[in-house]
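Need coordinates for the following:
(one chain, ligands or ions: 4)
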Amino acid sequence: MKLLKDILYTAPILDAIGSTNVAVENIAFDSRKVVKESLFVAVPGTVVDGHDYIAQAISQGARSIVCEKLPEELNDGTTYIQVKDAHATLGILASNFYGNPSSKLKLVGITGTNGKTTVATLCHRLFMALGQKAGLLSTVNVMIGREIHPATHTTPDPVSLNSYLKKMVDAGCKYCFMEASSHGIEQRRIAGLKFIGAAFTNISHDHLDYHKTFDDYILAKKALFDALSPEAFALMNQDDKHGRTMLLHSKAKKYGFALKTDTDFKARIIEHQLDGMLLQLDGQEVWTKLIGTFNALNIAAVYGIAVLLGEDKLQVITAISALQSVEGRFQHFQSEGGVTAIVDYAHTPDALKNVLETIGKIRTGAETVITVVGCGGNRDKTKRPEMANIATQLSDQVIFTSDNPRNEDPEVIIQEMEAGVEMQLKRKYLSISNRKEAIRTAARLANKNDIILIAGKGHEKYQEIKGEKLPFDDMAVVRESLTQNQN
Ligand SMILES: CC(=O)N[C@H]1[C@@H](OP(=O)(O)OP(=O)(O)OC[C@H]2O[C@@H](n3ccc(=O)[nH]c3=O)[C@H](O)[C@@H]2O)O[C@H](CO)[C@@H](O)[C@@H]1O[C@H](C)C(=O)N[C@@H](C)C(=O)N[C@H](CCC(=O)O)C(=O)O
Ligand SMILES: Nc1ncnc2c1ncn2[C@@H]1O[C@H](COP(=O)(O)OP(=O)(O)OP(=O)(O)O)[C@@H](O)[C@H]1O
Ligand SMILES: N[C@H](CCC[C@H](N)C(=O)O)C(=O)O
Ligand SMILES: [Mg+2]
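Ligands and ions are numbered 1, 2, ... in the order given. Down below sits the predicted model:
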């Protein structure tokens, strides 16, 4: 049994009313999940304020409450702990509750607009291949060694996060690689965690609905590095103009990886093909099955992380050459009729540009490149015209469609995309809001040797429409469409 006073260890407290010698069965930040002897942490949210649910939490059995503002009427027999920052406190309490699992393994955080899932997943696979049991917390899934659990967020809430870390420790994992999203850092989901190192992939336009300005978005990501200890490592993409800013106030040991700049972990592309790339990595030649300049950078990051964690350079290089690409990240196949289909999670302007430029490099020139793309609803609207502009600039034909419309009207999202297309390129696109229809149309339009890119949803197995997640799989739909057409 755990006691409140033990769970409060190291948490900064403003006031305590009632006994801290009370049992805590679990920690809940959602009143609907409170059970008997829960500790309820009231956090202010983006939609409602958890403080409005304190009474409900108590009526459901919570014996202790952590909050920023004390309720006007206090309940006899309930313990109230007042804190300045309930989000950050929740992280510390969750760590204590699960026995501080992040200090019992080597935890590496990866942040950046694009490439987090790729780098974290490749690190996990690399360490498993090197015989080192590792955990993974990513957008696609959570892995405890080879055991797969579904992921709900890129960076889970502190309670789920620490619960997973404990499971990893119990299962004998020595490492964990996790994505730190800007939402996750800003909402202090990672407060209380001990990182052995952190890596920065890049920063470009995304999430301005949430962070409001690009500077605030940079500061959110930078907070991961600001909090590192002097024993930790901080690894950054030295080709990114914001790389240095990220590490500016970090006390950690600083390192860089790059393609263009001379730095600690340098890569260079020697040859680029549809089935892989030949790289020079830290002076050694290595063949990788991954494609795209951005993936050469991702591999340099993975190599840097592995070496900084003490792995043998030659063994790392050998293991890198066997790594497969991550699900939904430049995942491709060729149909019987000779059409190449690529499914990619590019859902930011920068990612879409990178993917289309990569296709530009590996194509011979005679093919038609058909892009099917949409933009998510209830997310950064300023990405829409930019992504549409990039798609029409870098493809021969474009079909605008729905991504996850969520609670928005898909037709309005498409109109906002269309507004970004330059006048002389308007003839290049058509709009079909039904995603399945859009993919089928692309398959009908494609001839032998043509390339279809389906961007935005990658690994996702659903389409979120008005609060409902309906089954949808880009890869399955394009396979079926190309088979039906026999092209
Ligand atoms: C915008 C955002 O990030 N929202 C996250 C946030 O919820 P919120 O602040 O909106 O919560 P709220 O609904 O206002 O409620 C406030 C508090 O009252 C509580 N409550 C609410 C109702 C009630 O009856 N009782 C009760 O106690 C809630 O549990 C909550 O603690 O905190 C919740 C708990 O941790 C998250 O599940 C939720 O993620 C939502 C679902 C979401 O879609 N988040 C996305 C944008 C996100 O986080 N994405 C990033 C990836 C971005 C990237 O990849 O670049 C991620 O890390 O996944
Ligand atoms: N290093 C990179 N630089 C730029 N673009 C990249 C990079 N790595 C991957 N991409 C592109 O971004 C897409 C998303 O990649 P990935 O899933 O690894 O990023 P992420 O940071 O985890 O995204 P999310 O924020 O949704 O979790 C890929 O499908 C690819 O198009
Ligand atoms: N992690 C990203 C995923 C976006 C994926 C895209 N398919 C969409 O729904 O916009 C986010 O929460 O913004
Ligand atoms: Mg991710």
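
how far away is the closest residue to I291 other than its chain neighbours from L297?
The shortest distance from I291 to any residue other than its chain neighbours is 5.3 Å, reached at F330 (C-beta to C-beta, 6 or more residues apart in numbering). Just so you know, the C-beta spots here come from the backbone N, C-alpha and C atoms, and that holds for glycine as well. F330 sits 14 Å away from L297, going by C-beta to C-beta, to the nearest Å.

Looking at the two now, which is surrounded by more residues?
When neighbours are counted by other C-beta atoms under 10 Å, F330 and L297 differ, and L297 comes out ahead with 26 against 23.

Just say helix, strand or coil for the more buried one.
Three states are possible here, and by DSSP: H, G, I helix; E, B strand; the rest coil the one that applies to L297 is helix.

Near ligand 1, which residues of the stretch 151-300 of the chain? Just list them.
Proximity of the stretch 151-300 of the chain to ligand 1 is assessed by C-beta under 6 Å from any ligand atom, with H153, T154, T155, D157, S181, H183, G184 identified as the residues in range.

Now flag whichever of those is closest to R244.
Among these, S181 lies closest to R244 (C-beta to C-beta), at 21.8 Å.

Quick one: residues contacting whatever residue of the chain ends up closest to ligand 3.
When distances are taken as C-beta to the nearest ligand atom, the chain approaches ligand 3 most closely through G376, which lies 2.0 Å from it. For G376, the contacting residues are H347, D403, N404, P405, R406, G456, taking C-beta atoms under 8 Å, 6 or more residues apart in numbering as the criterion.

In JSON lines, list those residues along with pLDDT and distance to R363.
What follows is these, written out as JSON lines (pLDDT from 0 to 100; distance: C-beta to C-beta, whole Å):
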{"residue": "H347", "pLDDT": "98", "distance to R363": "23"}
{"residue": "D403", "pLDDT": "98", "distance to R363": "25"}
{"residue": "N404", "pLDDT": "98", "distance to R363": "29"}
{"residue": "P405", "pLDDT": "98", "distance to R363": "31"}
{"residue": "R406", "pLDDT": "98", "distance to R363": "34"}
{"residue": "G456", "pLDDT": "98", "distance to R363": "21"}
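
While we're on the closest residue to ligand 4 within the stretch 251-400 of the chain, how confident is the model there?
When distances are taken as C-beta to the ion, the stretch 251-400 of the chain approaches ligand 4 most closely through Y345, which lies 7.8 Å from it. Listed pLDDT for Y345 reads 98.

Could you report the neighbour count for it?
Burial measure for Y345: 25 neighbouring residues, criterion other C-beta under 10 Å.

Now for the residue nearest to it when sequence neighbours are not counted: which residues touch it?
Sequence neighbours aside, G458 is the residue nearest to Y345 in space, at 2.8 Å (criterion: C-beta to C-beta, 6+ apart). Applying C-beta under 8 Å, 6+ apart, we find G458 in contact with E327, G328, R329, Q331, V343, D344, Y345, A346, D474.

Just the pLDDT at the fourth one, thanks.
I take that to be Q331. According to the prediction, Q331 has pLDDT 94.

That one touches V343, doesn't it?
Yes: applying C-beta atoms under 8 Å as the test, Q331 and V343 come out as touching, 4.8 Å apart.

Report pLDDT for M475.
The per-residue pLDDT of M475 was computed as 98.

Torsion angles phi and psi at it?
phi -60, psi -40 (degrees, to the nearest 10).

just A88 next, same as before
Listed backbone geometry of A88 is phi -70, psi -40, with angles given as degrees, to the nearest 10.

and if you look at K251?
Taking degrees, to the nearest 10, you get phi -90, psi -10 for the backbone angles of K251.

Next one: it from ligand 1, what distance?
25 Å (C-beta to the nearest ligand atom, to the nearest Å).

wait, what's in contact with A42?
Remark: with contacts taken as C-beta under 8 Å, 6+ apart, A42 is in contact with F29, D49, G50, H51, Y53, I54, A57, I65, V66, C67, E68, A86.

Now list the buried members of those residues.
For the contacts of A42, a burial check counting by 16 or more other C-beta atoms under 10 Å picks out F29, G50, H51, Y53, I54, A57, I65, V66, C67, E68, A86.

Who are the contact partners of the fourth one?
What it means is Y53. When the contact criterion is C-beta under 8 Å, 6+ apart, the partners of Y53 are S31, F40, A42.

what does the first one give?
Taking C-beta under 8 Å, 6+ apart as the criterion, F29 is in contact with F40, V41, A42, V43, G50, L90, D157, V159.

which among the residues you listed gets closest to W287?
Ranked by distance to W287 (C-beta to C-beta), those are led by D157 at 40.2 Å.

related to what we said a few turns ago, what is the nearest of the residues of the stretch 151-300 of the chain next to ligand 1 to R440?
For those, the minimum distance to R440 (C-beta to C-beta) is 30.4 Å, reached by T154.

from memory the closest one sits against S181, does it?
Yes: using C-beta under 8 Å as the test, T154 is close enough to S181 to be in contact (4.2 Å).

Comparing those two, which residue is more hemmed in?
Using other C-beta under 10 Å as the criterion, T154 and S181 rank with S181 on top: 24 against 20.

Quickly find the element holding H332.
strand 331-334 (DSSP states H and E).
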